[in-house]
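Participant: predicted structure and sequence below. I'll ask about it afterward.
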Amino acid sequence: MATNKLNGILLDCGYRIGENGNSVIQLYVSDERSIRLIEDNSFSPYFYVVSKDPQKTLHALEGHVFGEGARALRAELSPKENAPNAIKVYFKNPQELVRAREAIEGVEGVYERREYDIPFTERYLIDKCMHPMAGVEIEEKDGNVVKINPREIKRDLRLVALDLETYSPGRFSDARLDPILMCVLSAQGGSKVYTYKKTMAKEAIVLSDEKEMLERVFSDLRSMSPDVLVTYNGDSFDMPYIKERCERLKVKCDFGFGPVKVVHRGMYNSAEISGTQHLDAYALIKFMARIGAVSLVKFDIENVSEKLFGKYKEKLLHTDINGLWDKGDIDRIVKYNREDGEVTLQLAKEFLPLQIQLASMLRQTLFETSRASSSQMVEQLLIIRSFDRDNLIPNRPGEAEVTQRSLQTYEGGFVRSPLPGLHENIAVLDFRSLHPTIMISHNISPETMRCSHDECKSGENVSPDGDWFCMKRKGFLSGILEEILKDRIELKRKVKLMEKGTQEYKMLNARQHALKILLNSHYGYLGYPRSRWYSRESARAVTAWSRHYIQQAMEKAEKDGYTVLYGDTDSMLLLIPNGKNEEDVRIFMEKVNDELPDAMELEFDGMYRRGIFVTKREGGAAKKKYALIDFRGNLKIVGFEYVRRDWAIVAKETQRQVIEAVLKEGDPAKAVALTKGMIKRLKEGKVPKAELVIMTMLKRRIDKYESIGPHVAAAKKAIARGKDIDVGSVLGFVVTKKNGKSISEKAELEEYVAEGNYDADYYIEHQILPAVLNIMQELGYDKQDLISGGKQSSLSSFM
DNA sequence: GCGGACTGCTTACCT
DNA sequence: ACAGGTAAGCAGTCCGCG
């Protein structure tokens, strides 16, 4: 009777196949010193079938062989509220399950298979209600886990960042040929750089060659026993690279608990290391950018360091690294490598609290959570809640169904045409979490839709699009959202009272942030063609109500004497008339809130001193483009060329200055002067290349374009010169002096263009003037005013 | 055969 | 690889002209 108890942080879950072919779950638990393994023989993989005749199906399953000897371990009736004839079918191991699920529909009575694609280890964590990255006490007896208790664990995670520098002789490093030159390990206590050339750098450990270096890195890493190993783009670069080098050099690629597994997931890779959590800070920061939690345009580590931490970091190009290495002068490479490690570590520290909360809430390892899209997070949450209430999970749609769904669209949010021109004294109001609060208020959820009760399908309960949702029972999604919203409001209340920067504060704040992410992702998930809980009608009802509420709020504002300048989906900009002030706006807002459902709330965003809306190039008021200035002089520029990466800096910066001159100083004459100045500089050929670069993403393979725009043409020319360009890379090109009919013919990637080689006429006519004119035209200026002579000021008496 | 008008493709933005 | 709504540039084609 062997018993075993483990206390610590639950890091990972894996499995192995036992001697008899049974699957054995492996749990990795980290304590103060190391990471320990505990095994569970008592859990078998399973899925469900729904049968027309359960008894017959049960009988047919007995002894049924699915191919290659795969058979059901056992099967049992497992009636669910949403599937009374469900049968749970267990298997020896996931491999047999996979064989069986392909053939199960041939078994008598079976008309549907369910939950057949939940990975085994993920299934375990869900079913056992386990919380990765949280404290746990696990009791095991004779190879079976018998008890799992949550435990409060208060200690910092052991984080180690790893980063490689590699040799790249005139091409991108190739792991089959080019050695690793250097490797940094950064941890709480500091950084060590491993290399094999002489250096004065104190942080360096100099070994005799690459092989010895790698062996030393692995042995040091194992003794550090990191809970989380962090890289920057390690999924696609460092991990596959180190793995390949290890194979070539016959070094055991062993981080402590076994090999690195590089998985190709659609367009991306992921590198999984069992027993520790490999966190790719690059993947993480991309996710934060997608959800709008950080705003970055470039994602190289230097830019990230500067924008996020205000820390300048010198960038070494791969040619520099090669040159210095060949010269034997590697001190600068050591510094560069160390800083890469340190920034990577800092990034992990910054975003780990949020990821830990998500992992714990979603019963998913940090590895999975940190690579999940927001739709995957929502789906995971719904799967958990479905399991907890003993319901069967809907299947994923097949490709044909996905295509069908993609063709069906629905109307979105309401965008009000703005009142073009310059305005003063503006209030901005918006609905707090509009979509989720609508879902809560109207009980919107796929299964409550169009219920049969007469009371539900009449009157106020029917959406403007004619859909209704049951009033008698709480919807699945809407119920979850209601809980999340309630929990988040409570957490925010607590956090507000706490001292900032404490461990507890960071934890709770991260928790409310995690809830916010989940809250805001449900609506999109409803309309996402690949989702299990897809419901176009539900999504449509959400937007139908959203249009109703924002328009109603606008009408109320107008009745109260405000002019609605603009509004988009959940927001409205109000012109405050003379005699009214912020206090009046707040009173108005409260009045609206009193008439709104409980969960819904109109919020006060701020007051602005001036704002400008413009006219479209082809006439009519331009939506999604405006600029505001508050009473402290802060500009808020929305949708204009200034915020777009596919405009040259020279145009963007001129536009910003023009907006500033107009909004801040009320001085259009200054705007004219500075535009003329910039045009002059352009004509004189004085503008540096860096200000002329236009950034555009190559969104597909170069041969997949039917229309060859400038960025595609520039890419083609670069490829002809031997450059490698990946899909998804953001290209910078310049419009050169070269003769040609089209812009495309004149466009070249920045790196092939000499300073001064630019088409001044293009930058004046197609960059500066369009960017400036749409603003100046609102003030009564025209093109003639901005080029050469012209009138200096024609502004009416507005200022 | 020319040039402007128009359309479709493409990207990046907003909420 | 969560949704729809929108502006705008450029390439390429259409169209009227007479």
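Facilitator: Nice, I can see it. Not measured: the values here are computed from a predicted model.
Participant: domain-wise, how is chain A divided?
Facilitator: Following the TED database, chain A resolves into domains at A:4-41+A:130-150, A:47-119, A:159-351, A:415-635, A:644-787.
Participant: now tabulate those domains in CSV and tack on distance to residue A:371, mean neighbour count and mean pLDDT.
Facilitator: The way it works is simple: take the backbone N, C-alpha and C, and place the C-beta from them, glycine included. Shown next, in CSV, are the domains of chain A (distance: least, CB to CB, whole Å; neighbours: other CB atoms under 10 Å; pLDDT from 0 to 100):
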stretch, distance to residue A:371, mean neighbour count, mean pLDDT
domain A:4-41+A:130-150, 14, 18, 94
domain A:47-119, 13, 17, 94
domain A:159-351, 6, 18, 93
domain A:415-635, 15, 18, 96
domain A:644-787, 17, 17, 94
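Participant: among these, which is nearest residue A:391?
Facilitator: domain A:47-119 (4.9 Å; CB to CB).
Participant: check which element follows the longest helix along chain A along the chain.
Facilitator: In terms of residue count, the longest helix belonging to chain A (DSSP state H) is helix A:331-362. Heading C-terminal from helix A:331-362, the first helix or strand you meet, by DSSP states H and E, is helix A:366-371.
Participant: so is that next one next to DNA strand C?
Facilitator: No: using CB under 7 Å from any atom of the strand, helix A:366-371 never reaches DNA strand C; the gap is at least 10.9 Å.
Participant: pretty sure residue A:235 contacts residue A:269?
Facilitator: Yes: at 4.8 Å, residue A:235 counts as touching residue A:269 under the criterion of CB atoms under 8 Å.
Participant: so residue A:300 sits against residue A:315, correct?
Facilitator: Yes: counting by CB under 8 Å, residue A:300 touches residue A:315, with 7.4 Å between them.
Participant: quickly list what's touching both of these two.
Facilitator: Between them, residue A:300 and residue A:315 share no contacting residue under CB atoms under 8 Å, 6 or more residues apart in numbering.
Participant: what distance do you get for the residue in the stretch 501-650 of chain A that DNA strand C sits nearest to to residue A:539?
Facilitator: Of all residues in the stretch 501-650 of chain A, residue A:524 sits closest to DNA strand C, at 2.1 Å by CB to the nearest atom of the strand. Distance of residue A:524 to residue A:539, computed by CB to CB, to the nearest Å: 8 Å.
Participant: what secondary structure does the spatially most central residue of chain A sit in?
Facilitator: Residue closest to the mean C-alpha point of chain A, counted by CA atoms, centre = their mean, is residue A:287 at 2.4 Å. Three-state call for residue A:287 (DSSP: H, G, I helix; E, B strand; the rest coil): helix.
Participant: do the same with residue A:162
Facilitator: Following three-state DSSP, residue A:162 is assigned to strand.
Participant: please report phi then psi for residue A:680.
Facilitator: Per-residue torsions, residue A:680: phi -60, psi -50 (degrees, to the nearest 10).
Participant: what about stretch A:438-458, distance to the chain center?
Facilitator: For stretch A:438-458, the separation from the chain centroid amounts to 31 Å (computed by CA atoms, centre = their mean, to the nearest Å).
Participant: would you mind measuring the gap between the ends of that stretch?
Facilitator: 18 Å (CA to CA, to the nearest Å).
Participant: kindly report the same for stretch A:267-277.
Facilitator: Stretch A:267-277 has its terminal residues 22 Å apart, counting by CA to CA.
Participant: near DNA strand C, anything from that stretch?
Facilitator: Yes: residues of stretch A:267-277 are located near DNA strand C by CB under 7 Å from any atom of the strand, namely A:267-268.
Participant: residue of the stretch 251-400 of chain A closest to DNA strand C, please.
Facilitator: For the stretch 251-400 of chain A, CB to the nearest atom of the strand, closest residue to DNA strand C: residue A:266, 2.4 Å.
Participant: if we can go back for a sec, is any residue of the longest helix of chain A near DNA strand C?
Facilitator: No: Helix A:331-362 stays clear of DNA strand C (CB under 7 Å from any atom of the strand), getting no nearer than 14.7 Å.
Participant: tell me the contacts of the residue nearest to the centre of chain A?
Facilitator: Residue A:287 neighbours (CB under 8 Å, 6+ apart): A:370, A:373.
Participant: and for residue A:602?
Facilitator: A:429-432, A:553, A:589, A:592-593, A:596.
Participant: can you do 7 Å?
Facilitator: Counting by CB atoms under 7 Å, 6 or more residues apart in numbering, residue A:602 touches A:429, A:431, A:553, A:589, A:592-593, A:596.
Participant: over to residue A:730?
Facilitator: Counting by CB under 7 Å, 6+ apart, residue A:730 touches A:695, A:697.
Participant: any idea what it is bridged to?
Facilitator: Judged by DSSP bridges, the bridge partners of residue A:730 are residue A:697.
Participant: quickly note the distance from it to residue A:563.
Facilitator: Counting by CB to CB, the gap from residue A:730 to residue A:563 is 41 Å.
Participant: what of residue A:664?
Facilitator: Counting by CB to CB, the separation of residue A:664 from residue A:563 is 23 Å.
Participant: and the residue nearest to residue A:428 when sequence neighbours are not counted, helix, strand or coil?
Facilitator: Excluding its sequence neighbours, the residue lying closest to residue A:428 (CB to CB, 6 or more residues apart in numbering) is residue A:605, at 4.0 Å. Secondary structure, three-state DSSP: residue A:605 is strand.
Participant: do the same with residue A:39
Facilitator: The three-state assignment at residue A:39 reads strand, by three-state DSSP.
Participant: same check on residue A:686?
Facilitator: Quick answer, by three-state DSSP: residue A:686 is coil.
Participant: so which residues on the stretch 301-450 of chain A come close to DNA strand C?
Facilitator: A:373-376, A:409-413, A:415.
Participant: report the two of the residues you listed separated the most.
Facilitator: Put simply, by CB to CB the two of those set farthest apart are A:376 and A:415, 29.6 Å from each other.
Participant: alongside DNA strand B, which residues does the stretch 201-350 of chain A contribute?
Facilitator: Within the stretch 201-350 of chain A, the positions lying close to DNA strand B (CB under 7 Å from any atom of the strand) are A:292, A:297.
Participant: again with the stretch 601-750 of chain A
Facilitator: Residues of the stretch 601-750 of chain A lying near DNA strand B (CB under 7 Å from any atom of the strand): A:624, A:638-639, A:643-646, A:695-700, A:705-707, A:709, A:711-712, A:730.
Participant: just those residues: which are in strands?
Facilitator: Counting by DSSP state E, the part of these found in strands is A:624, A:638, A:695-697, A:730.
Participant: contacts with DNA strand C among those, please.
Facilitator: Among these, the residues that sit close to DNA strand C (CB under 7 Å from any atom of the strand) are residue A:624.
Participant: if we can go back for a sec, name the nearest of the contacts of residue A:602 relative to residue A:48.
Facilitator: Closest to residue A:48, out of all of the contacts of residue A:602 and judged by CB to CB, is residue A:431, at 40.3 Å.
Participant: from residue A:563, how far off is the nearest residue to that closest one once chain neighbours are set aside?
Facilitator: Nearest residue to residue A:431 in three dimensions, chain neighbours excluded: residue A:570, at 4.2 Å (CB to CB, 6+ apart). Distance, residue A:570 to residue A:563, by CB to CB: 19 Å.
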